[in-house]
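1. fold the following.
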Amino acid sequence: MFSVFALEGIPEIVPGEDLGLIIGDAIATAPAIDSTLHHGDIVVVSSKIVSKAEGRIVEAADREQAITDETVRVVATRAYPGGVTRIVENRLGIVGAAAGVDGSNTPEGTVLLLPIDPDASAAFIRATLESRFEVALGVVITDTLGRTWREGQTDVAIGGSGVTLLEDLRGSLDSQGRRLDVTLPAVGDEIAAAADLVKRKSAGLPVAIVRGLGHLLSADAAGGRVLIRPSANDMFRLGTQEAYDEGFAAGRGA
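-> Sure, this is the predicted structure:
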């Protein structure tokens, strides 16, 4: 059994602030989580406040240009009345809409870019909190993505420290004694989604505490990149129109 708490008391974040200190102060004054952290807790932090603290706020009269600047590979595009939706791979290797460029909850005329290194951001927050509360913790940095063939969006893990994000069950046996050959639960994404249920998008609650999953803590766990599938292994690495155009060009050149 596990529980999830949204953490109140996080102020508006500005560039240069110490997120570990701010989160620690909020925890120390939050009676809903016993005014402390417990051994094995996982602190889940929305990437938006990490980006703000790290100064990843850029002026952008045109959000589309910011998306272009963060894009390393175009996967798919689709025109709609008023614009074009772009599914791209960004500098972190994440495939999603708009390269993670976010225009919400940021001053007019600016956009937020994702943290440069979410794993390093998670490690910094974790080190600060573990030192202050003298317990072993995990930290997960999250962002919101859509899913292939599914409506809506959910939070996923884009960075982490001290916690297993991809649980490798290959080689173990199921309840019927059969060998599991491909089972890799994306527990980092499951933790992110669970935290999103209590953080909510418009409630001003960017941090949550997940308690009761201490078995997932690992001091040398791989970071968020372990969840990124290399494009060479992606069976759907192009959009429909892009695949058609590529095939047509190849056919003409044959």
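2. next one: G223, what pLDDT does it get?
-> Looking at G223, its pLDDT is 94.
3. any idea what the residue lying closest to it once chain neighbours are set aside is structurally, helix, strand or coil?
-> Distance criterion CB to CB, 6 or more residues apart in numbering; nearest residue to G223, sequence neighbours excluded, is D119 at 3.2 Å. Every residue, glycine included, has its C-beta placed from N, CA and C. With DSSP: H, G, I helix; E, B strand; the rest coil as the basis, D119 sits in helix.
4. wait, D119 touches A157, no?
-> No. Look at D119 against A157 with CB atoms under 8 Å: they stay out of range, at 10.2 Å.
5. how about the helices of the protein, start to end?
-> 19-28, 47-53, 63-70, 118-133, 187-199, 240-253 (DSSP state H).
6. so which of those comes closest to A222?
-> helix 118-133 (8.7 Å; CB to CB).
7. just the mean pLDDT for the closest one, thanks.
-> Mean predicted lDDT for helix 118-133 stands at 97.
8. for it, list every residue counted as buried.
-> 118-119, 121-126, 128-130, 132-133 (16 or more other CB atoms under 10 Å).
9. could you tell me the angle between it and helix 19-28?
-> If you take axes from the mean of the first three to the mean of the last three CA atoms, to 10 degrees, helix 118-133 sits at 50 degrees to helix 19-28.
10. quick one: the closest residue to H215 other than its chain neighbours from V163, how far?
-> Residue nearest to H215 in three dimensions, not counting chain neighbours: G40, with 7.9 Å by CB to CB, 6+ apart. Applying CB to CB, to the nearest Å, the value for G40 to V163 is 10 Å.
11. who's I87 bridged to?
-> Here I87 shows beta-bridge partners A76, A97, assigned using DSSP bridges.
12. gap between the two ends of stretch 5-13?
-> 20 Å (CA to CA, to the nearest Å).
13. that stretch - what's its average pLDDT?
-> Here the average pLDDT along stretch 5-13 is 92.
14. in that stretch, what counts as buried?
-> 5-7, 10, 13.
15. which of those lies closest to A203?
-> A6 (7.5 Å).
16. show me what contacts that closest one?
-> Taking CB atoms under 8 Å, 6 or more residues apart in numbering, we find A6 in contact with 198-200, 203, 205, 207-208.
17. what do you get if the cut-off is 6 Å, keeping everything else the same?
-> Counting by CB atoms under 6 Å, 6 or more residues apart in numbering, A6 touches 198-199, 205, 208.
18. columns pLDDT, distance to L21 and neighbour count on top of the residues you listed, output as JSON lines?
-> Converted to JSON lines, the contacts of A6 look like this (pLDDT from 0 to 100; distance: CB to CB, whole Å; neighbours: other CB atoms under 10 Å):
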{"residue": "V198", "pLDDT": "93", "distance to L21": "23", "neighbour count": "17"}
{"residue": "K199", "pLDDT": "89", "distance to L21": "20", "neighbour count": "22"}
{"residue": "L205", "pLDDT": "92", "distance to L21": "18", "neighbour count": "18"}
{"residue": "A208", "pLDDT": "95", "distance to L21": "18", "neighbour count": "27"}
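19. so where's this protein uncertain?
-> 32-35, 180-181, 202, 254 (pLDDT under 70).
20. would you mark the buried spots in stretch 19-39?
-> Of all the residues in stretch 19-39, those buried under the rule 16+ other CB under 10 Å are 19-20, 22-24, 26-27, 30, 33, 37.
21. most widely separated two among the residues you listed?
-> L19 and I33 (17.4 Å).
22. follow-up on the earlier one: closest to M235 out of the buried residues of stretch 5-13?
-> Checking the buried residues of stretch 5-13 against M235 with CB to CB, the nearest one is A6 at 37.2 Å.
23. can you name the residues bridging to that closest one?
-> A208.
24. for the lengthiest strand in the chain, which residues meet the burial criterion?
-> Using DSSP state E, we find that the single longest strand of the chain is strand 150-161. Buried positions in strand 150-161, judged by neighbour count with 16+ other CB under 10 Å: 154-161.
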